[in-house]
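J.: Need coordinates for the below:
(one chain, ligands or ions: 1)
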Amino acid sequence: MLLRLGTVPNLIVSSPHAAQAVLRTHDNVFASRPPSIVVDNLQYGPSSNFGGAPYGEHWRQVRKFVSTHLLTAKKVNSYHLARQEEVRLVMAKLRKAAAASAEVDISEMVNAFSNDVVCHAVSGKFFRAEGRNKLFRELIVVNATLSSGFVLENYFPGVAILLGMFTTWFMKNKVAEAHRRWDELLENIICDHERRSSKHRGDSADQEQSAADFIDVMLSVQQEYGITMESVKSILMDIFDAGTNTSSLVLEYAMVELMRNPYIRTKLQDEVRKMTPKGQEIVSEDNLASMSYLRAVVKETLRLHPPAPLLLPHQSMADCDIDGYTIPSGTRVIINSWAINRDPESWENADEFIPERFMDGGSAVDIDFKGNNFQFIPFGAGRRMCPGLNFGLATVEIMLANLMYCFDWDLPAGMDKEDIDMTEVFGLTVHRKEKLVLVPKEHGTVPHGM
Ligand code: HEM
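T.: This is a model prediction of the structure:
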């Protein structure tokens, strides 16, 4: 489908066949991003961006740098103790709430957790100093609001250039202010790291390696890749923006679906409790390998509720023929992963939450989200596919396993599962309008009065 939004042609891709044509067969043509004046001004211009960068040598270098040094499975695994520490803190808070039979805002809790996991990996142990984790979270919300608002330039670029304007004066100031705040915060944490590394110069390679957070790693290989300090900051902004809300939304929607489907919740709890050695206070990452139903629940959540339902926009770099149609160079391409993931031609009972479809004997047992099955693309596919897949999954799986292991869950008094409101609010990511509020009951404790 071709939609002309303002003066800009938009190709809407909503079938697995068309997604494969764009993201695999002609990936070399469609791997660019459309220009975004907001992203360029929030960050440090197109020649420093990463997620929003046009396809070319700069993006290739940054992508290689990030994929080789920051987000490999090995590197993600090396942060398992950081995740464990963050999980413990959340479980302790939940135990207090359970003891007081208090309600907990799960949406807020999983968002803070995902943010802290990213902060911990990016800037090491001291990320809570001076409330930096809270500041990052605040700035991520600012970025999301600014990037998903209406911008004249995205729809009438010619008119906007003629008028010499960058959105409205009001918007321009907001973007400049957000940029200034990000820059100050990133500058501070980078300076801390530079100071720390000069203090520890001479430590053994092992000591250095075990302490290495993203900033340490980036500073140590930055010159080898010819990456400027502005690019380093831009990459960090992308990691915060792309890594926090996505994982937290998967966690929130998983909990929503588990509350709407008590049978599935009990089945998952049975698996997690059976596969975790007796007497363990929390589930550790070593225990996750044998939890196949947990993985199926996460997959089914990603299928029905992909956090980025339209991926990120792509843009064609040359004319390209697909199925007899010519797509002109410069066309913006929107891939409707939400519709593809629910296409009844690919999925049995497509709108229902059925993790069993991904288990042995299920209709989708061989289908994965790693970019080879075009009926299921919550992380995209091809050159621009999400490089944070391992990081995101590690965050989601360990937290969900522990929420199921340590607690039983109730809806607030007077609320039935049918009352859970699924109304969504649209932006770069899609989230529910209402917060998810639940009451935890510590597993294994006897209710008062018994
Ligand atoms: C469950 C969690 C996540 C989901 C569902 C997700 C999904 C996506 C999607 C759909 C895209 C766009 C793909 C395309 O345009 O074709 C993307 C891009 C990206 N994601 Fe993720 N993401 C997740 C977690 C993360 C994490 C944890 C990080 C970083 C730590 C991250 C970093 C990025 C970056 C940097 C890009 C831009 C890549 C580029 O343009 O080359 N994501 N992600």
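J.: Which elements pack onto the one helix or strand residue 181 maps to?
T.: Assignment of secondary structure by DSSP states H and E places residue 181 within helix 169-199. If you count contacts as 3 or more CB pairs under 8 Å, 6 or more residues apart in numbering; DSSP states H and E, helix 169-199 packs onto helix 37-42, helix 106-123, helix 132-148, helix 214-221, helix 229-260. In short, each C-beta sits where N, CA and C put it, glycine included.
J.: what about the ones you listed, which gets the closest to the ligand?
T.: With CB to the nearest ligand atom as the criterion, the ligand lies closest to helix 229-260 of the helices and strands packed on helix 169-199, at 3.3 Å.
J.: Direction-wise, compare whichever helix or strand comes after the closest one with helix 229-260 and give the angle.
T.: Beyond helix 229-260 in the direction of the C-terminus, DSSP H and E gives the next helix or strand as helix 262-275. Put simply, helix 262-275 runs at 110 degrees to helix 229-260, going by axes from the mean of the first three to the mean of the last three CA atoms, to 10 degrees.
J.: residues of helix 262-275 that come out buried?
T.: Applying a neighbour-count criterion of 16 or more other CB atoms under 10 Å, one finds 264, 265, 267, 268, 269, 271, 272, 273, 275 buried in helix 262-275.
J.: Just give me the neighbour total for residue 370.
T.: Residues within reach of residue 370, counting by other CB atoms under 10 Å, total 11.
J.: Give me the distance between it and the ligand.
T.: The gap separating residue 370 from the ligand is 12 Å, by CB to the nearest ligand atom, to the nearest Å.
J.: Does that residue belong to a helix, a strand or coil?
T.: Classification of residue 370 by DSSP: H, G, I helix; E, B strand; the rest coil places it in coil.
J.: What score does it have for pLDDT?
T.: The score at residue 370 is 96. That number is its pLDDT.
J.: now do residue 150
T.: pLDDT at residue 150 comes out at 69.
J.: circling back: show me which of the buried residues of helix 262-275 is closest to residue 229.
T.: Nearest to residue 229 out of these is residue 272 (CB to CB; 43.8 Å).
J.: Check whether residue 10 really touches residue 330, as I assumed.
T.: No - between residue 10 and residue 330 there is no contact under CB atoms under 8 Å: 11.1 Å.
J.: So between the two, which is more surrounded?
T.: Neighbour totals were compared for residue 10 and residue 330, and residue 10 leads with 17 against 14 (other CB under 10 Å).
J.: Next, that one: secondary structure please.
T.: strand.
J.: Please apply the same query to residue 441.
T.: Classification of residue 441 using three-state DSSP returns strand.
J.: hmm, back to that, could you dump the helices and strands packed on helix 169-199 to JSON lines with mean neighbour count and distance to residue 98?
T.: Compiled in JSON lines, the helices and strands packed on helix 169-199 are given as follows (neighbours: other CB atoms under 10 Å; distance: least, CB to CB, whole Å):
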{"stretch": "helix 37-42", "mean neighbour count": "21", "distance to residue 98": "40"}
{"stretch": "helix 106-123", "mean neighbour count": "23", "distance to residue 98": "13"}
{"stretch": "helix 132-148", "mean neighbour count": "18", "distance to residue 98": "24"}
{"stretch": "helix 214-221", "mean neighbour count": "19", "distance to residue 98": "34"}
{"stretch": "helix 229-260", "mean neighbour count": "23", "distance to residue 98": "15"}
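J.: Turn those into CSV, including distance to residue 93.
T.: Rendered in CSV, the data for those read as follows (distance: least, CB to CB, whole Å):
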stretch, distance to residue 93
helix 37-42, 32
helix 106-123, 8
helix 132-148, 15
helix 214-221, 26
helix 229-260, 15
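J.: How about the backbone phi and psi for the residue in the stretch 301-450 of the chain that the ligand sits nearest to?
T.: Distances between the stretch 301-450 of the chain and the ligand by CB to the nearest ligand atom are smallest at residue 388, namely 2.1 Å. In terms of degrees, to the nearest 10, the main-chain angles of residue 388 are phi -100, psi 20.
J.: Flag every residue of the stretch 351-450 of the chain that's near the ligand.
T.: 378, 379, 380, 384, 385, 386, 387, 388, 391, 392, 396 (CB under 6 Å from any ligand atom).
J.: could I get these as TSV with pLDDT?
T.: Below are these laid out as TSV (pLDDT from 0 to 100):
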residue	pLDDT
378	97
379	98
380	98
384	98
385	98
386	97
387	97
388	97
391	97
392	97
396	98
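J.: Could you work out the most separated pair of these?
T.: 384 and 396 (21.4 Å).
J.: which of the two has more neighbours?
T.: residue 396 (24 against 21).
J.: and the stretch 101-250 of the chain, which of its residues are near the ligand?
T.: 238, 239, 242, 243, 246, 247, 250.
J.: from the chain's centre, how far out does stretch 292-301 sit?
T.: 17 Å (CA atoms, centre = their mean, to the nearest Å).
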